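# pasting a predicted model and its sequence here:
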Amino acid sequence: MNKWKVAFFVLLAVIGVSLGSLYVKAIAPTTIPTEMKAPVTKDPTLDITMNRDQVNALSANYLNRFLKNSQIKYRFVVGPKYATVIGTTKVLGAKVQFAMNFVPEKTAAGNILLKAKGLTVGRLNLPLKFVLAYVKKNYDLPKWVAINQRKQTILLDLNRYSRHQSVRYAAQQLKMQEGKFVFRITIPKGEN
């Protein structure tokens, strides 16, 4: 057999095994953490109303600190219809831009549930379940962010985020079109 034919079939086998491995990793079952309930408290609370620009500035501040040493850079932008994660990553050595649109909803526990509505990588529209499973398995996410690829959602568990903080946070209103976002901050009473 010609050496070029052998090289071609070896390369084809390597590509097939790589794609198969990626597929198996992406669809493998993972644990889905339950949403943490807000503790019942009589501590004083303060409602903070933010506009779209303020929410975007807050998320940029957090992500800049969280992604400081990460190879993957992304930002979270709240628009009039969707909350969008926009970023770049390397695929086969080339920088590729991605964007994922979400519709945010407040949960009964005061957390934020992001329902995925669309994803583009470059100019490709990819299946959301596959990409969410891949991100969940391979990306370093904060412990208070939970991805459920089956339901195509991302839970921002503010109760889990607040657990070790001196104050607690809860979403009260998320009005995308109005650009109005209300969060409740609970300040624990100090020991007297």
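Received it, and whenever you're ready, just let me know what you need. Numbering: from 1, shown residues only.
# find the nearest non-adjacent residue to the one residue sitting closest to the centre of the chain, please.
With distances taken as CA atoms, centre = their mean, Ile154 lies nearest the centre of the chain, 5.7 Å away. Nearest non-adjacent residue to Ile154, counting by CB to CB, 6 or more residues apart in numbering: Leu114, 4.3 Å away. (Glycine included, C-beta is placed from N, CA and C.)
# tell me which helix or strand the one you found sits in.
For Leu114, the element it lies in under DSSP states H and E is strand 112-121.
# quick one: low-confidence parts of this protein?
1, 22, 25-41, 190-192 (pLDDT under 70).
# quick one: terminal-to-terminal distance for stretch 140-158?
End-to-end distance of stretch 140-158 (CA to CA, to the nearest Å): 18 Å.
# other residues contacting stretch 61-70?
Stretch 61-70 is contacted from outside by 73-76, 140, 142, using CB atoms under 8 Å, 6 or more residues apart in numbering.
# and if we set it to 7 Å?
For stretch 61-70, the external contacting residues (CB atoms under 7 Å, 6 or more residues apart in numbering) are 73, 75-76, 140, 142.
# need those in JSON lines with secondary structure, distance to Ala171 and neighbour count, can you?
Formatted as JSON lines, the contacts of stretch 61-70 follow (DSSP: H, G, I helix; E, B strand; the rest coil; distance: CB to CB, whole Å; neighbours: other CB atoms under 10 Å):
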{"residue": "Lys73", "secondary structure": "strand", "distance to Ala171": "26", "neighbour count": "12"}
{"residue": "Arg75", "secondary structure": "strand", "distance to Ala171": "20", "neighbour count": "14"}
{"residue": "Phe76", "secondary structure": "strand", "distance to Ala171": "15", "neighbour count": "19"}
{"residue": "Asp140", "secondary structure": "coil", "distance to Ala171": "24", "neighbour count": "9"}
{"residue": "Pro142", "secondary structure": "coil", "distance to Ala171": "16", "neighbour count": "12"}
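# alright, calling it a day.
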